[in-house]
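1. Turn this into a model:
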Amino acid sequence: MDIHKLTVYCKVIEQKSFTRAAEALLLSQPTVSEHIRSLEEETGQLLLNRLGKEIRPTEAGTILYSYGVKALRLLEEARQALDHYAGMLSGRLRLGAGTIPGTYILPKQIGKFKEQHPDISISLRIASSKTIGAEILSGELEMGVVGARWKEPGLSWQKLFQDDLIVIVPAAHPWAQQKEIQLEQLLEAHFITRDHSSGTRLVTEEILEKHGLNPAKREIVAEMGSTEAVREAVKAGIGIAILSSRAVEDDIRYGTLAAVSIKGIKMQRPFYLITRKRLSLSPLCKAFIESFT
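-> Numbers count the residues shown, from 1 in each chain. A predicted model of the protein is given here:
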């Protein structure tokens with residue numbers, strides 16, 4: 001099976017479109033279509049369903065895609081290993097991250113790493129912690145940095161650093177003038193939270209429960225799909241929130257938001273490096289992980 005055709009096929013699946021795959025690979029659309037036709041002829045299977053403008057894999061196509069991703073990853077690892085043997089570091093690293101590390105931490109780390117290794121490329125996918133975990137398991141990503149830990153036997157976890165979680169309120173909120181509040185006062189507030197798959201939300205609820213407050217008793221007035229949306233909603237006076245201190249440090253510095261402590265409670269969350277268990281990492285991935293130490 002031709003590796004170039006397999007690359008084209010996997011790109012069509014990922015882009016869900018012949019046109020977008022052709023653009024990504026700098027090929028013509030007829031060339032992409034011919035590669036897919038040739039693969040279907042070679043395998044004797046219908047690999048793709050054409051549903052209007054969107055392309056979806058058939059069951060046989062899904063099987064081929066899963067093996068195709070593995071084959072392409074191994075080929076990339078082989079290239080990197082040979083470059084590493086020759087004293088160079090090259091190739092592409094696909095990594096994922098939750099909102100906080102992906103927005104506020106990893107870009108600087110990637111920039112420093114790129115300065116040392118200009119021939120490499122890194123793609124960063126920002127999504128919920130569990131989405132990143134699922135994509136590492138499927139082989140779409142090689143590593144991730146997330147702020148929550150859950151029961152997943154297929155993943156390996158390594159603690160990287162700590163983050164502080166803080167209660168944030170609008171600048172005009174009565175609590176903004178207080179140094180701290182009692183834990184029970186949170187039940188009096190209108191809460192804005194991230195969605196259920198968010199690492200920030202998962203860890204916040206664990207901490208509150210650990211200190212005797214049932215998170216389900218909070219009055220949640222809005223759920224947002226991003227940290228930025230939560231910040232803006234708090235600024236607009238819709239409610240209060242618990243967010244990473246890294247995400248709101250500029251707002252607090254300029255007085256558009258205020259941070260409030262909870263008496264006797266320090267809310268911290270660890271961030272974890274996650275990789276797939278029993279999978280050898282590429283030289284590029286290993287070098288990037290070592291750059292954190």
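
2. Hmm, residue 259 is touching residue 167, no?
-> Yes - counting by C-beta atoms under 8 Å, residue 167 is a contact partner of residue 259 at 6.9 Å. For the C-beta atoms, the positions are set from N, CA and C on the backbone; glycine is no exception.

3. can you tell me how far residue 34 sits from residue 63?
-> Per C-beta to C-beta, to the nearest Å, residue 34 is found 22 Å from residue 63.

4. Between residue 259 and residue 167, tell me which one has more neighbours.
-> Using other C-beta atoms under 10 Å as the criterion, residue 259 and residue 167 rank with residue 167 on top: 22 against 17.

5. what's the more buried one in contact with, if anything?
-> Listed by C-beta atoms under 8 Å, 6 or more residues apart in numbering, the contact partners of residue 167 are 175, 181, 186, 240-242, 259-262.

6. Would you map the helices across the stretch 151-293 of the chain?
-> Assigned by DSSP state H, counting those that start in this stretch, the helices in the stretch 151-293 of the chain fall at 199-210, 227-235, 245-253, 283-290.

7. Show me the beta-bridge partners of residue 243.
-> With DSSP bridges applied, residue 243 shows beta-bridge pairing to residue 166.

8. thinking it is in contact with residue 231, fair?
-> Yes - contact criterion C-beta under 8 Å: residue 243 and residue 231 qualify, at 7.0 Å.

9. Compare neighbour counts for those two and give me the winner.
-> Neighbour count, other C-beta under 10 Å: between residue 243 and residue 231, residue 243 has more, with 26 against 21.

10. Compute the distance between that one and residue 122, please.
-> 26 Å.

11. now residue 76
-> As for residue 76, its distance to residue 122 is 13 Å (criterion: C-beta to C-beta).

12. Pull up the overlap in contacts between these two.
-> Common contact partners of residue 76 and residue 122 (C-beta under 8 Å, 6+ apart): residue 92.

13. Just the buried ones from the contacts of residue 167?
-> 175, 181, 186, 240-242, 259-260, 262 (16 or more other C-beta atoms under 10 Å).

14. Is it possible to get JSON lines of the residues you listed that adds pLDDT?
-> Shown next, in JSON lines, are these (pLDDT from 0 to 100):
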{"residue": "175", "pLDDT": "93"}
{"residue": "181", "pLDDT": "92"}
{"residue": "186", "pLDDT": "92"}
{"residue": "240", "pLDDT": "94"}
{"residue": "241", "pLDDT": "95"}
{"residue": "242", "pLDDT": "94"}
{"residue": "259", "pLDDT": "93"}
{"residue": "260", "pLDDT": "92"}
{"residue": "262", "pLDDT": "92"}
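
15. Distance to residue 227 added to those residues, as a markdown table?
-> Compiled in a markdown table, the buried ones among the contacts of residue 167 are given as follows (distance: C-beta to C-beta, whole Å):
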| residue | distance to residue 227 |
| --- | --- |
| 175 | 20 |
| 181 | 22 |
| 186 | 19 |
| 240 | 14 |
| 241 | 9 |
| 242 | 11 |
| 259 | 15 |
| 260 | 18 |
| 262 | 20 |
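
16. Now go through the residues you listed and say which are in strands.
-> Those of these mapping onto strands are 181, 241-242, 259-260, 262, per DSSP state E.

17. nearest residue to residue 17 other than its sequence neighbours?
-> Nearest residue to residue 17, sequence neighbours excluded (C-beta to C-beta, 6 or more residues apart in numbering): residue 55, at 5.9 Å.

18. Tell me the strands beside the helix or strand where that neighbour lies, with direction?
-> Using DSSP states H and E, residue 55 sits within strand 54-57. Looking at strand 54-57 with DSSP bridges, its partner strands are strand 48-51 (antiparallel).

19. What angle do helix 283-290 and the longest helix along the chain make with each other?
-> Longest helix in the chain, counting residues (DSSP state H): helix 59-85. Relative orientation of helix 59-85 versus helix 283-290 (axes from the mean of the first three to the mean of the last three C-alpha atoms, to 10 degrees): 70 degrees.

20. the domain parsing of the protein - what is it?
-> 1-83, 163-269 (automatic domain parsing).

21. Nearest to residue 112, out of the ones you listed?
-> Nearest to residue 112, of all the domains of the chain, is domain 163-269, at 17.4 Å by C-beta to C-beta.

22. what separates the closest one from the chain centre, distance-wise?
-> Computed by C-alpha atoms, centre = their mean, to the nearest Å, the chain-centroid distance of domain 163-269 equals 22 Å.

23. what about it, how long is it end to end?
-> Distance between the two ends of domain 163-269: 5 Å, counting by C-alpha to C-alpha, to the nearest Å.
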